[in-house]
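Asker: Quick one, structure for this:
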Amino acid sequence: MSIPSLETPRLRMRGFLPEDLLPLPRILSDREVIRYMTRTDPWPEDVVRGWMEAQQKQWSQHGFGWWALEHKSDGNLIGWCGLGTLDETAEVEVLYLLAMQYWGGG
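Answerer: This next block holds a predicted model:
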């Protein structure tokens with residue numbers, strides 16, 4: 001399934017790309033950023049790679065998932081947002097994660 005893209009004046013929401021494997025582990029190594037997540041220790045590259053692959057499956061299976069968030073003014077990957085299924089339930093959660101330097105930007 002092709003993942004749709006959306007844009008706001010400041011952000012581009014898109015599917016994850018192979019080049020996101022460089023900045024995403026850096027974002028996910030900031031303990032302040034990941035403190036409320038299930039996994040609260042830094043994510044190694046292989047875990048990030050598997051997670052990115054799982055996002056494509058999520059979109060294919062359910063027609064929704066998580067987008068990569070790209071800051072339009074500098075082109076940087078700054079985190080993610082979207083909808084995901086909760087393990088072993090039929091419920092859906094809304095989730096977002098932003099690199100700390102982009103917190104408080106409105």
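Asker: Find the centremost residue of the protein, please.
Answerer: Residue closest to the mean C-alpha point of the chain, counted by Cα atoms, centre = their mean, is Trp80 at 2.8 Å.
Asker: And the stretch of helix or strand it belongs to, what does it pack against?
Answerer: Here Trp80 sits within strand 77-85, counting by DSSP states H and E. With contacts taken as 3 or more Cβ pairs under 8 Å, 6 or more residues apart in numbering; DSSP states H and E, strand 77-85 sits against strand 11-14, helix 23-27, helix 45-62, strand 66-71, strand 92-98. Bear in mind the C-beta positions are built from the backbone N, C-alpha and C, glycine included.
Asker: helices or strands up against the second one?
Answerer: Translated: helix 23-27. If contacts are counted by 3+ Cβ pairs under 8 Å, 6+ apart, helix 23-27 sits against helix 45-62, strand 77-85.
Asker: TSV for the ones you listed, including mean pLDDT?
Answerer: As requested, the helices and strands packed on helix 23-27 are exported to TSV (pLDDT from 0 to 100):
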stretch	mean pLDDT
helix 45-62	93
strand 77-85	94
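Asker: Mind putting the ones you listed into JSON lines with distance to Leu6?
Answerer: Below are these laid out as JSON lines (distance: least, Cβ to Cβ, whole Å):
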{"stretch": "helix 45-62", "distance to Leu6": "13"}
{"stretch": "strand 77-85", "distance to Leu6": "10"}
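Asker: which of the ones you listed sits most buried?
Answerer: Mean neighbour count (mean count of other Cβ atoms under 10 Å) peaks for strand 77-85 among those, with a mean of 19.
Asker: Go through stretch 85-101 and flag the buried ones.
Answerer: The neighbour-count check on stretch 85-101 (16 or more other Cβ atoms under 10 Å) flags Leu97, Leu98, Ala99 as buried.
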